[in-house]
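Participant: fold the following, please.
(4 chains)
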2 protein chains.
Amino acid sequence: MAKAPRTGPYICGIDAALDVVSGKWKGLILWELDAHRVRRFAELRRGLPGVSEKMLTQHLREMEEDGLVHRKVYAEVPPRVEYSLTESGRALNQALAPLGAWGTERIRREAFTTVDMPETSHG
Amino acid sequence: MAKAPRTGPYICGIDAALDVVSGKWKGLILWELDAHRVRRFAELRRGLPGVSEKMLTQHLREMEEDGLVHRKVYAEVPPRVEYSLTESGRALNQALAPLGAWGTERIRREAFTTVDMPETSHG
DNA sequence: GATCCCCCTTACGAAAAGGTAAGTACCGCA
DNA sequence: TGCGGTACTTACCTTTTCGTAAGGGGGATC
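Facilitator: Next up, the predicted model:
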């Protein structure tokens, strides 16, 4: 009910990486967790505008299964759960950096021209 | 019917980039187009094991709208259409390279251990 | 005692994404 | 004349994803 476990092997690395980060909030979760090193559930929730508890839990669980985030539960009352990135998660975030730069550049461009993207067709 | 035009602005670059590459075959299409420089519809189709004509067309159109691929139609019979990456598409592909490397590494690791991913917890 | 906060879980339903199959218009080949 | 190849389009249906709303168990606060 959470996610289809993926039928068949990955074709290439891009395929594998995209499979792991695809999900409406996963990119942001990675971003938040990288920025703050460690976050609690409610903190993450507040950091992600519009996320529902269900989706946050679900994504967090998937990312935990994928070995991207580490979930530390403190046997306390009230419950305390801390999320942080694993080595793999941090590596993923670093690998995501150029993509983020590309996206930022794209947003910047779109801010100027929403109609079209004139490419250097003369060279 | 193709894709929801995205409500609201992007939170960050990752968000924007992920929005553009999310789609079952887009990563592969980028990969194929980058490897061969220019490909025709049927060639692309043959290069992507399991893709349907509908999905290929749909993804290609979306990527064209997003300014990633260039579509060149030759007014011939039988019809000939050539697809290639735009500057933006090539830049995206370069930005995707580290992600691809991460994914490849991940696949390699998974090949050895499917059970768990022992992190360096002693450091 | 009611309410809030913590971190979820479950049920239900809508929306989006993807798959299947057929049709289109034309041509070359046998 | 029938078949295959080119590059799609359209209709219909299933799967997956996402959102909404509610509950839950316990402690602290008002």
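
Participant: flag the shaky bits of chain A, pLDDT-wise.
Facilitator: By pLDDT under 70, the low-scoring segments of chain A are A:1, A:113-123.

Participant: excluding residues flanking it in the chain, which one is nearest the residue nearest to the spatial centre of it?
Facilitator: The C-alpha lying nearest the average C-alpha coordinate of chain A belongs to A:Gly27 (C-alpha atoms, centre = their mean; 2.2 Å). Nearest in space to A:Gly27, with sequence neighbours left out and distances taken as C-beta to C-beta, 6 or more residues apart in numbering or on different chains, is B:Ile14 at 4.2 Å. Just so you know, the C-beta spots here come from the backbone N, C-alpha and C atoms, and that holds for glycine as well.

Participant: correct me, but that neighbour touches A:Gly103?
Facilitator: Yes - if you go by C-beta atoms under 8 Å, B:Ile14 and A:Gly103 touch, sitting 6.0 Å apart.

Participant: write out the residues of chain A neighbouring DNA strand D.
Facilitator: Residues of chain A lying near DNA strand D by C-beta under 7 Å from any atom of the strand: A:1-4, A:23-24, A:50-55, A:77-79.

Participant: show the buried residues in the residues you listed.
Facilitator: Buried by 16 or more other C-beta atoms under 10 Å in any protein chain shown: A:Gly23, A:Lys24, A:Val51, out of these.

Participant: of the residues you listed, closest to DNA strand D?
Facilitator: Proximity of those to DNA strand D (C-beta to the nearest atom of the strand) peaks at A:Lys24, which lies at 3.4 Å.

Participant: let me know the helix or strand that that closest one is in.
Facilitator: Taking DSSP states H and E as the definition, one finds A:Lys24 inside no helix or strand.

Participant: secondary structure class of the nearest residue in space to it that is not next to it in sequence, three-state.
Facilitator: Among residues not flanking A:Lys24 along the chain, A:Met55 sits closest, at 6.9 Å (C-beta to C-beta, 6+ apart). Following DSSP: H, G, I helix; E, B strand; the rest coil, we place A:Met55 in the helix state.

Participant: wondering if the longest helix along chain A reaches chain B at all.
Facilitator: In terms of residue count, the longest helix belonging to chain A (DSSP state H) is helix A:87-112. Yes - counting by C-beta under 8 Å from any C-beta of the partner chain, chain B is contacted by helix A:87-112 at A:87-88, A:91-92, A:94-107.

Participant: show me what counts as buried in that helix.
Facilitator: Buried residues in helix A:87-112 (16+ other C-beta under 10 Å): A:88-93, A:95-96, A:98-100, A:102-107.

Participant: next, the angle from it to helix B:87-112.
Facilitator: Interaxial angle of helix A:87-112 relative to helix B:87-112 (axes from the mean of the first three to the mean of the last three C-alpha atoms, to 10 degrees): 170 degrees.
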